[in-house]
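sequence first, predicted coordinates after that:
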Amino acid sequence: MISPANIPFQERELLNRIAQSDEAAFTEIFRHFSPRIWMFVVKKAKSESIAEEIVQEVFLKLWVKKEMATDIEDLTSYLHTMAANKLYDHFKKMAGDSRKLENLWLQVQQATTTNPVEETLDFRESMHLINQAIELLPPQRKKIYLLNRMEGLSYEEIAQKLNISKSTVSNQLVEATKFIREYIKGTGGAAIIFMILTTKF
């Protein structure tokens, strides 16, 4: 096992700051590691959408359990292990073995979650704020945002579907993202969750 003293200072510093709910530190780690985790998952799952979903789950868990960040001794290994576990869950689900999947999930929850009810409520409250912001978008902007972020359509696909230009799609997404970010500004973890859920690789 790697001693904390042997971890690069910057990584240890960022983990310490995350434990203190420092969103800037989390953002730095997310931007540094998420592309690597995405590449790792997409090679195994052969699906970009599954890879994005697993990356979101991994980093959401890191943020929700941020108070325990100082206990992480090797962040690269920690993140890859979480991703591998999520992949295993995905493959078990694809195999249709729901009973084993449920048992495995319960074991993971019991081993790693300090307060699953509280964490689930925090996540749901954050998602509620994001959904509120989406509902306040102008109709076309909302449609474009949902087609891109929720259905995974590309700018070109949205442009063809709605008979508008790609530049219009791009501009509308920029404005939608800006509005949602401003709407949830000051709500703590919601901003972090928004960043995780809307990052495209």
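Arrived safely, thanks for sending. Numbering: from 1, shown residues only.

residues contacting residue 159?
165-166, 168-169 (Cβ atoms under 8 Å, 6 or more residues apart in numbering). All C-beta spots, glycine's among them, are computed from the backbone N, C-alpha and C.

how about the nearest residue to it, chain neighbours excluded?
residue 166 (4.7 Å; Cβ to Cβ, 6 or more residues apart in numbering).

returning to what we had before: out of the contacts of residue 159, who's the most crowded?
residue 169 (24 neighbours; other Cβ atoms under 10 Å).

quick one: that residue from residue 64, how far?
32 Å (Cβ to Cβ, to the nearest Å).

just the element for residue 143, please.
helix 139-145 (DSSP states H and E).

show me what that helix is packed against.
helix 116-135, helix 155-162, helix 166-183 (3 or more Cβ pairs under 8 Å, 6 or more residues apart in numbering; DSSP states H and E).

send the alpha carbons of it over as PDB?
The C-alpha trace of helix 139-145 is given here as PDB (Å, rounded to 0.1, in the frame of the first residue of the first chain):
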ATOM      1  CA  PRO A 139     -39.100  26.300 -25.000                       C
ATOM      2  CA  GLN A 140     -36.600  25.900 -27.900                       C
ATOM      3  CA  ARG A 141     -33.600  26.300 -25.600                       C
ATOM      4  CA  LYS A 142     -35.000  23.700 -23.300                       C
ATOM      5  CA  LYS A 143     -35.600  21.300 -26.100                       C
ATOM      6  CA  ILE A 144     -32.100  21.700 -27.500                       C
ATOM      7  CA  TYR A 145     -30.600  21.300 -24.000                       C
END
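
return the set of buried residues in that helix.
Residues of helix 139-145 classed as buried by neighbour count (16 or more other Cβ atoms under 10 Å): 141, 144-145.

before we move on, back to that, with mean pLDDT and distance to residue 32 added, can I get the helices and strands packed on helix 139-145 in JSON lines?
Output for these, formatted as JSON lines (pLDDT from 0 to 100; distance: least, Cβ to Cβ, whole Å):
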{"stretch": "helix 116-135", "mean pLDDT": "61", "distance to residue 32": "23"}
{"stretch": "helix 155-162", "mean pLDDT": "91", "distance to residue 32": "26"}
{"stretch": "helix 166-183", "mean pLDDT": "86", "distance to residue 32": "21"}
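
for residue 59, which of these is the nearest?
helix 116-135 (12.4 Å; Cβ to Cβ).

what about the residue nearest to residue 154 when sequence neighbours are not counted, neighbour count?
By the measure of Cβ to Cβ, 6+ apart, the closest residue to residue 154 outside its immediate chain neighbours is residue 148, 7.9 Å from it. Using other Cβ under 10 Å, residue 148 has 22 neighbouring residues.
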